[in-house]
Every structure is written in C-alpha cells, then in structure tokens.
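Enquirer: Got a predicted structure plus its sequence, pasted below:
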Amino acid sequence: MSGTGDGRRPTMDTAVLEFVRRRTETTRVEIARELGVTAATVTNSVKRLLTAGLLWESGHARSTGGKRATLLRVDDSARRALGCTIDEDRLSLVAVDTTGALQARVVLPLQDAKDPIEVTDRLQEGLAALVPGDELGAMTGIGFAMPDRLPGDVARALEELTVALDVRSVRGKESTCAALGSFWSGEQSGSGFSGTLHLGSTMSLALLLDGIPFRPDSGHPLDHLRIAPEGRLCHCGRRGCLHLEAAPSGIADLTRTALAAAQGDEAAQDAVMAAALPLTRVAANLAIALGLDTMVLAGSPTQAAPGIYLDAARQHFGDDATTRVVVSQVQPHPCAVGAAVLALQTFLTSVER
Ligand SMILES: [Zn+2]
C-alpha cells in the first residue's frame with residue numbers, strides 16, 4: 001500500500017479537524033484552549049484547512065465584549081474516503097464524508113477470503129458499486145482494516161490493485177480500525193481513554209486517547225491469554241486459552257449462534273452467555289488495570305447479541321463501575337468505517353501539499 005501505514009502520528013491539522021468535527025461548530029480560541037496549543041499554531045493550521053476546503057467559516061460567535069470570533073465548521077461535502085475490511089465470508093466496503101459520516105456501503109460475500117484473485121475481484125466490484133469510475137481519483141484514499149491472519153499474497157494483491165487504480169491506501173490493525181469506527185460514530189465520549197476489545201480474526205485490544213490511536217500498530221492478540229488452567233487443551237500446548245473459552249468453535253460460528261440467540265433460541269442464548277462471561281471478565285480486568293473511561297466490545301458476535309454481552313459485562317464491571325461499557329453497533333462494520341477514518345486521518349491534511 002502506498003500510504004504511511006506504520007508509525008502514523010496525528011498532525012496538528014488532523015487534531016484541529018477532529019476537534020472541530022466533534023464540536024460541530026467552534027472558534028480558534030476554543031481550539032487553542034482545548035488542544036493546549038498557541039493561538040498562532042491554531043491560526044496557521046486553520047489557514048491550511050480553509051485553503052484545502054476542509055473547514056469553512058460559518059458565521060460569528062456572539063460578542064463577549066471584544067471582536068466577535070469566527071465560527072468554524074467541517075465541510076462535509078469536501079471529500080470522501082473509503083474503508084474496507086475482509087472477514088472469513090465477506091468483504092465490506094464503505095464511503096464516509098469528511099466528518100466520518102457513512103455515505104454508502106456495500107457488503108459482498110466471499111467464498112474464499114484467502115484467495116487473492118477473488119478478494120481483489122470483489123473489491124473492484126464494490127468500488128464500481130460505490131464510486132463512479134471517473135471519481136475514484138478524487139477520493140481521499142482507501143483504508144484497509146487488516147485481519148491479523150490475512151495471507152501475505154492477499155495483502156500484496158490489494159496493494160497492487162490500489163496502485164493500478166491510482167488510489168492512495170493505508171492499512172491499520174483490525175482492532176484499531178474497530179476502535180476508530182466506534183469513536184467516529186459517536187459511541188464514545190469525545191475525550192478520555194477508551195479500549196476496544198475486538199473479536200475478529202483474532203481477539204485484540206486497541207486503545208484510543210481522546211480519539212487518537214495509542215500505539216496503533218502494537219498490541220498482541222489475546223487469543224492465548226490463559227484464563228482457565230483446567231480448561232480445554234489448546235493447539236498452543238496449554239490449557240484454557242481465551243479463544244477456547246470466549247469463542248469455542250470460532251468467531252463465525254459464535255456469530256451464527258448469537259444471531260439465533262437474538263431470535264429467541266434459548267439454547268443459543270445460554271451458549272452465548274457462556275462465551276460472553278469469560279470475555280467480559282478479561283475486559284473488566286483490562287479496564288480496571290488501565291483505568292479506562294470506556295470499554296467497547298466490538299465484532300460480529302457482540303453486535304449480533306448486544307444484550308447478552310452487556311448482561312455478562314454487568315456481572316464483572318458491577319453497577320457502580322467507573323468504566324462505561326458499550327457494545328459497538330456501527331453498521332455495516334466498525335472496522336470498515338474505522339478504516340475509512342484512518343484514510344481520512346492519514347491523507348486529508350496532506351492532500352494540498
Ligand atoms: Zn493457546
């Protein structure tokens with residue numbers, strides 16, 4: 001992928017743009033105060049964002065005595081970014097505007113997510129459905145939420161396709177994208193420390209500090225966290241690993257069970273609760289250890305049966321917990337929305353260089 005996939009650091013322009021987006025409407029003075037930077041820094045950054053057409057001046061604040069401050073807003077029609085994620089059985093593609101709001105989406109079935117030809121064919125199909133061919137070059141870029149277990153040749157094929165289409169691309173960890181998708185969809189408060197425990201190709205945790213990924217490319221899968229010493233034997237040679245307790249027959253199967261549970265199937269409800277309890281115990285321990293303001297549970301099983309996961313979480317977090325627990329309900333897929341946000345964050349402010 002042609003983007004700067006590793007070691008991304010939010011620039012001042014990105015921070016300003018995100019702050020304005022969160023507030024809907026704000027002033028330079030407020031930005032400087034809230035971001036803790038000088039007025040000159042904000043003035044320069046706003047100037048660049050106005051020139052790039054990403055912000056616009058929407059009027060004047062009420063007078064507080066002196067000169068009335070100019071109000072700033074994000075121009076939501078300015079640009080669009082794409083986000084893509086690949087699950088075992090489907091490819092999800094979304095388009096978002098500059099504010100991160102979902103504009104269009106398409107979900108295409110996959111027979112074999114490990115087949116580079118099928119995956120790139122589906123991606124081209126999705127792109128054709130979402131973006132007229134002559135507008136592809138005007139897109140800000142495409143973000144890919146990369147499953148931990150995506151084969152190298154699929155990743156290479158995706159990169160080659162985006163290069164051939166002349167679309168800038170960036171990739172991020174699946175869990176980081178799920179966290180960004182949740183944050184930008186308004187599921188978390190605008191500031192604070194949040195963790196997103198994502199059930200995808202692996203179980204992993206992503207951290208956001210005031211909406212910005214904290215060490216976005218680090219973090220190990222939690223699958224082999226040993227939580228039940230007397231539990232089932234894992235292929236890693238040990239017993240009671242998290243994935244065996246929290247998704248005993250895999251994520252795709254757990255999702256099917258969760259969908260049945262949501263339809264009222266009692267045996268399925270019991271099975272999902274049995275899987276949700278160990279997962280939410282780990283989530284509660286992580287939240288307490290890290291002092292999280294919000295803990296987001298994301299991934300297709302939790303999204304299919306949010307009530308069961310919240311019930312399970314309540315047993316571990318308690319009623320007076322300082323951590324707010326959220327089950328992500330971003331449609332069609334938090335990772336796809338978050339991957340598009342990653343593309344916005346990576347490319348928006350470098351467009352007019
Ligand atoms: Zn194991």
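Expert: Structure received.
Enquirer: So which bits of the stretch 101-250 of the chain are right by the ion?
Expert: Counting by Cβ under 5 Å from the ion, the stretch 101-250 of the chain comes close to the ion at 224, 234, 236, 241. For the C-beta atoms, the positions are set from N, CA and C on the backbone; glycine is no exception.
Enquirer: Highest neighbour count among these?
Expert: Counting neighbours by other Cβ atoms under 10 Å, residue 241 comes out on top of those with 23 neighbours.
Enquirer: residues in contact with that one?
Expert: 223, 224, 225, 226, 227, 231, 234 (Cβ atoms under 8 Å, 6 or more residues apart in numbering).
Enquirer: give me the number of residues near the fourth one?
Expert: By that I understand residue 226. Neighbours of residue 226 using other Cβ under 10 Å come to 15.
Enquirer: was I right about it contacting residue 236?
Expert: No: using Cβ atoms under 8 Å, residue 226 is not in contact with residue 236; the gap is 9.2 Å.
Enquirer: Tell me what the closest residue to residue 155 other than its chain neighbours is bridged to.
Expert: Spatial nearest neighbour of residue 155, chain neighbours left out: residue 146 (6.8 Å); criterion: Cβ to Cβ, 6 or more residues apart in numbering. Assessed by DSSP bridges, residue 146 has beta-bridge partners residue 173.
Enquirer: Count the neighbours of residue 146 for me.
Expert: 25.
Enquirer: Identify the residues contacting it.
Expert: Counting by Cβ under 8 Å, 6+ apart, residue 146 has contacts 155, 171, 172, 173, 174.
Enquirer: On the three-state scheme, the second one is what?
Expert: Going by DSSP: H, G, I helix; E, B strand; the rest coil, the secondary structure assigned to residue 171 is strand.
Enquirer: In this structure, where is pLDDT below threshold?
Expert: For the chain, the stretches flagged by pLDDT under 70 are 1-10, 77-78, 216-219, 320, 349-353.
Enquirer: Residue 310 against residue 325, yeah?
Expert: Yes: Residue 310 is within contact range of residue 325, at 6.5 Å (criterion: Cβ under 8 Å).
Enquirer: Between those two, tell me which one has more neighbours.
Expert: Taking other Cβ under 10 Å, residue 310 and residue 325 do not tie; residue 325 has more neighbours (21 against 17).
Enquirer: Leaving out sequence neighbours, find the closest residue to the more buried one.
Expert: Using Cβ to Cβ, 6+ apart, the closest residue to residue 325 is residue 313 (4.5 Å).
Enquirer: Quick one: neighbours of the one you found, just the number.
Expert: 26.
Enquirer: quick one: it and residue 280 touch, right?
Expert: Yes: between residue 313 and residue 280 there is a contact under Cβ under 8 Å: 4.3 Å.
Enquirer: which residues are common contacts for the two?
Expert: 297, 325.
Enquirer: How much space separates the residue nearest to residue 155 from residue 348?
Expert: 21 Å (Cβ to Cβ, to the nearest Å).
Enquirer: for the helix or strand hosting residue 15, packing partners?
Expert: Applying DSSP states H and E as the criterion places residue 15 in helix 12-23. For helix 12-23, the elements it packs on are helix 28-35, helix 39-51, strand 70-74, judged by 3 or more Cβ pairs under 8 Å, 6 or more residues apart in numbering; DSSP states H and E.
Enquirer: would a markdown table of these with mean neighbour count and distance to residue 89 be doable?
Expert: Shown next, in a markdown table, are the helices and strands packed on helix 12-23 (neighbours: other Cβ atoms under 10 Å; distance: least, Cβ to Cβ, whole Å):
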| stretch | mean neighbour count | distance to residue 89 |
| --- | --- | --- |
| helix 28-35 | 17 | 42 |
| helix 39-51 | 16 | 40 |
| strand 70-74 | 20 | 35 |
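Enquirer: May I see these organised as a markdown table, with distance to the ion added?
Expert: As requested, the helices and strands packed on helix 12-23 are exported to a markdown table (distance: least, Cβ to the ion, whole Å):
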| stretch | distance to the ion |
| --- | --- |
| helix 28-35 | 43 |
| helix 39-51 | 47 |
| strand 70-74 | 45 |
